[in-house]
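> After the sequence you'll find the predicted model.
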Amino acid sequence: MHETAFLIGQIFNGFSVASLFIMAALGLALSFGLMRVINMAHGEMLMLGGYLAYLTLLVVPGPLGILVAMPVAFIGAALLGAVLELTVIHRLSARPLDTLLATWGVSLILQQAARNLFGAIGVQVVAPSWLNHTISFSTGILSGLTLPDTRLFILAVAALILGGVALLINKTRLGLYVRAVNQDRPIAAALGVNARLIDLCVFALGTGVAGLAGVILALLGPVTPTVGQSYIVPAFLVVILGGLGSLVGTTIASIMVGLFTALIEIYVDVSVAQVLLLAFVILFIQIRPQGVIAVRSRALEG
Amino acid sequence: MKPASLITILTLALGAAAPWLISSYELSLLGRFLAFSLVALGIMLTWGEGGILSLGQGVFFGLGGYALAMNLKLAGLNLANGDMPDFMQWSGVSALPGFWYPFANPWFSLVCVVLVPGIFAAAFSWLVFRRRIGGVYFALITQALALAFATLLVSEQAFTGGFNGLTDFSTFAGHDITSQGAARVIYLITFLLVVASYFFLRWLLGTRFGTMLRATRDGENRVRFLGHNPLPYKVVAFTLAGMLSGMGGALFTLHAGVISPALVGVVPSIEMVVWVAVGGRNVLWGAIAGTLLVNFAKDEISSALPSLWLYALGGLFILAVSFLPGGIAGLFTTPRMPRFFQRRRQEAAE
């Protein structure tokens, strides 16, 4: 294979991994900006989305099943997210570290429940035939480069979701409230914004998007009880790099993490790449501790 | 005599007499869990007193455990002859890797048990804290660290023993460590180290250092505005916790006869925090009691109903932090400050 083609292939891979990170990290970053809490059970929303896709395809087989599965997974994960917010997270929101631990407990319970319901080995979701093609180049400097349709599909879905959420945040009244609470909760509340309701909406939206991402994950490999775990730690790193509650920051950070991983894996194996990614994050915060985009400074946080 | 000191003396006496009171299986469990409680003491110091939540204490536990296990693995081999640990031969390594050589010396190994985790913890925490990254961010970074560490151990099989870790030990510095007498000695060493660490931390938390650490937890910015730099206090606390974890890891390796990635990764690391959350994060004896209680419960539950343990652990987490932030110890101790000030403190932390 030509070297340029190989490099372009890796960059393409980087972007498609990045698009998964964007979908996984979006909800984390938005809720973190609003409430300063991290939901450790967020990875299990990916898992839930995957299992919902599996169940939907049992009911609606055929080529369009996956398109039905996406709204089902979104709604299912958003509902579970709303329940989680109302029961655990809201109760603890003044204590961010305790929220982290409590939601980790939730994550353990959800994983074990999935293990008991679906088995530890995992279930397979077969990609519909219209996603089974690859675009291959056989001539020119790009010869040997193959782009699977599933990967292109992921990119398209991530772009659509990102565009949709950006429109929601920047153009709608709800988005205005979200930005207001993000910038200054007490003042926004004093001006009549129901900050609690905004928290709940954003949290449910974020878990819903993660559920959607779970459908996509199901196209790439088997859905197992721990499928979310492998994506959630990079997603946490994205939140650290991205900056508080910033959509642009989260996107840039996702692309950074995705590209870094894909390109470094040319030279080293996956486990060393993980160590180097962590080293990269620690180096990055030496230079920009406030993250890629800073809505507010981190330096004087409580 | 005050009831508290009576309880202390009774506990110490019972702990020291344990090798002659309980069966050798129970003693081995108790020894392991006491080794864990060294880790818990460190978490109590950083999280309870310093407000620094680390979800990666397993890394330091593992560094200590592996530092000792490397020596145990080399014991009895003739290195000059080109002998190698069994797993290296299976992985087709041609010569013992250079960094293994110094660990043939037991004293070097023992020093490394404390120094390697200590130096690593100091460097890591200094890098992160100096840019004022704390709280949730720090917790997430340490979790990524635990994940990276465990993955690396698994993938570098030829140097680390991979998924199975290091096991099958027989002697340390020429002494047999498999006999029942040796088990008693190892238990007593563990017990003494736990007692010594307990009293050391009790002294430390009563000094200016303890006051500054708590002040940093409750209002880091106020500490800065008063002209103090909180960085050294946080780094020292985290380093001490790392060293305690390293010692715990080494002692655990001696008790259990094995150290493996499954004992140091993300889930075990966060389990260590549960022990302290259940026992009580602001009380030293709470950390030890929580460790023993949760681990004996785990032993009972997971041998009877394996799948139930993860539900129980998850539920324990949610209940402990939601309804019992002071842990079990919080039920016994009266608040140090009047309620009015406590509420103020919580608001300040928001």
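Yep, it's here. Residues are numbered from 1 along each chain as shown, chains lettered A, B, ... in the order given.
> Going by C-alpha atoms from here, please, whenever you check contacts or count neighbours.
OK.
> pLDDT of stretch B:241-251, averaged?
For stretch B:241-251, the mean pLDDT works out to 97.
> where does A:I293 land in three-state SS?
Three-state assignment for A:I293 (DSSP: H, G, I helix; E, B strand; the rest coil): coil.
> That one touches A:G242, doesn't it?
Yes. The criterion here is C-alpha atoms under 8 Å, and A:I293 meets it with A:G242 at 6.3 Å.
> Please identify the helix or strand for the residue in the stretch 1-150 of chain A that chain B sits nearest to.
Residue nearest to chain B within the stretch 1-150 of chain A: A:G105 (3.7 Å; C-alpha to the nearest C-alpha). Taking DSSP states H and E as the criterion, A:G105 maps to helix A:96-118.
> who touches the very next helix or strand once past that helix?
Going down the chain from helix A:96-118, the next helix or strand is strand A:134-136, by DSSP H and E. Contacts of strand A:134-136 with the rest of the structure, by C-alpha atoms under 8 Å, 6 or more residues apart in numbering or on different chains, involve A:143-149.
> where in chain A is pLDDT low?
Within chain A, the segments meeting pLDDT under 70 span A:1-2, A:140-141, A:245, A:295-302.
> Pull up the overlap in contacts between A:I293 and A:G242.
In contact with both A:I293 and A:G242: A:G249, using C-alpha under 8 Å, 6+ apart.
> now the strands for chain A?
A:134-136, A:146-148 (DSSP state E).
> Surely B:F238 is in contact with B:A123?
No. Between B:F238 and B:A123 there is no contact under C-alpha under 8 Å: 10.2 Å.
> Those two: who's more crowded?
Neighbour count, other C-alpha atoms under 10 Å in any protein chain shown: between B:F238 and B:A123, B:F238 has more, with 28 against 13.
> show me what contacts B:F138?
Contacts of B:F138 by C-alpha under 8 Å, 6+ apart are B:52-54, B:128.
> for chain A, what are the nearby residues on the stretch 101-250 of chain B?
B:127-128, B:131-133, B:135-137, B:140-141, B:143-145, B:148-149, B:151-152, B:155, B:219-221 (C-alpha under 8 Å from any C-alpha of the partner chain).
> From the residues you listed, which land in helices?
Among these, the ones falling in helices (DSSP state H) are B:127-128, B:135-137, B:140-141, B:143-145, B:148-149, B:151-152, B:155, B:220-221.
> Would you mind measuring from B:S23 to chain A?
33 Å (C-alpha to the nearest C-alpha, to the nearest Å).
> what's the burial count for that residue?
Residues near B:S23, counting by other C-alpha under 10 Å: 10.
> which residues sit in contact with it?
Contacts of B:S23 (C-alpha under 8 Å, 6+ apart): none.
> which phi and psi does it have?
phi -70, psi 160 (degrees, to the nearest 10).
> Equivalent analysis for B:D176, please.
phi -70, psi 130.
> for the one 10 residues further on, same thing?
The phi and psi torsions at B:I186 (degrees, to the nearest 10) take the values phi -60, psi -40.
> What of B:F172?
According to degrees, to the nearest 10, B:F172 has phi -130, psi 120.
> measure it to chain A for me?
Counting by C-alpha to the nearest C-alpha, the gap from B:F172 to chain A is 32 Å.
> and the nearest residue to that residue once chain neighbours are set aside, helix, strand or coil?
Residue nearest to B:F172 in three dimensions, not counting chain neighbours: B:L72, with 6.0 Å by C-alpha to C-alpha, 6 or more residues apart in numbering or on different chains. Assigned by three-state DSSP, the conformation of B:L72 is helix.
> which ones are touching B:L72?
Taking C-alpha under 8 Å, 6+ apart, one finds B:169-172 in contact with B:L72.
> No further questions, thank you.
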